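Peer 1: mind folding the following:
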Amino acid sequence: MKISVIIPSYKPEGYIQKCLSSVLTQDFPSADYEVIIVLNGCLEPYKTQIEEFIESQSKQRETPATRLVQTDHPGVSRARNMGLDEAQGDYFVFIDDDDYISPNYLSALYTLASPNTIVASNAKNCSYDGATTQDNFITRAFESLRHSQPTSLYAYRRLLSNVCGKIIPKQIVGETRFHETLSLGEDSVFIAEISKHIKEVKQTAPDVYYYVTVRPNSASRKKISNWE
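Peer 2: This is a model prediction of the structure:
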């Protein structure tokens, strides 16, 4: 198996269907990747809804091997760790359940992948209805770095601030896992801990996108205090 796509999900609404649709319809060979959905802290009706959607997609086209893992314990870090423990791929791709990817996403990432390299895609914010998109800090960092071609890993720190929007080799991750006690910054800590194994960072072509859905009530949009 070349790629394991890991999608943590907590009480998903209809947006997860858009996410899964984008993942299941990639131009990457379906036999070469798997999709692992980790439903955490909830069960029904979400489990049945997801299973029914996956079944409907498989009737329309050839789809990758897709399985649903469930735990009663909530937490995105716990869910990602469960996904990592289940994954059979040589490379890991993390996608949040309310985000989605361009059709060329997996193929573009894998083309540039190597065991000691992290490959990052472009990114945009998109409205909840998908009608509008706009640049975010990743978009600006991606464009700036694409023209400057830095040699320092530190120069890529903005692209490496989270685990989404990139492909990460299993060899780099090893036994490293997300800290389940952290409610903030768990992505950055995870990347920092595996950074000693990263020899190079590459960027895809600009038309390869990870779309971040802006939802007012999502965890990433929650206001936090300076103390936190």
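
Peer 1: where does the chain dip in pLDDT?
Peer 2: 216-225, 228 (pLDDT under 70).

Peer 1: output the longest helix belonging to it.
Peer 2: Longest helix in the chain, counting residues (DSSP state H): helix 46-60.

Peer 1: which residues are in contact with the helix or strand just after that helix?
Peer 2: Once the chain leaves helix 46-60, the next helix or strand it forms, by DSSP states H and E, is strand 65-71. Strand 65-71 has contacts (Cβ atoms under 8 Å, 6 or more residues apart in numbering) with 24, 34-41, 43, 47, 50-51, 54, 58, 78-79, 82-83, 86. Heads up, the C-betas are built off the backbone N, CA and C, glycines and all.

Peer 1: can you give me the helices for this structure?
Peer 2: 15-24, 46-60, 76-86, 105-112, 137-148, 170-173, 186-194.

Peer 1: convert the C-alpha atoms of the fifth one to PDB, please.
Peer 2: Think helix 137-148. This file holds the C-alpha atoms of helix 137-148, laid out as PDB (Å, rounded to 0.1, in the frame of the first residue of the first chain):
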ATOM      1  CA  PHE A 137      -1.300  32.100   5.600                       C
ATOM      2  CA  ILE A 138      -0.400  28.800   4.000                       C
ATOM      3  CA  THR A 139      -1.200  30.100   0.600                       C
ATOM      4  CA  ARG A 140       1.100  33.100   1.100                       C
ATOM      5  CA  ALA A 141       3.900  31.000   2.600                       C
ATOM      6  CA  PHE A 142       3.600  28.500  -0.200                       C
ATOM      7  CA  GLU A 143       4.000  31.200  -2.800                       C
ATOM      8  CA  SER A 144       6.800  33.000  -1.100                       C
ATOM      9  CA  LEU A 145       8.800  29.800  -0.500                       C
ATOM     10  CA  ARG A 146       8.200  28.600  -4.100                       C
ATOM     11  CA  HIS A 147      10.100  31.600  -5.400                       C
ATOM     12  CA  SER A 148      12.900  31.800  -2.800                       C
END
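
Peer 1: list the buried residues for that helix?
Peer 2: 138-139, 141-142, 145 (16 or more other Cβ atoms under 10 Å).
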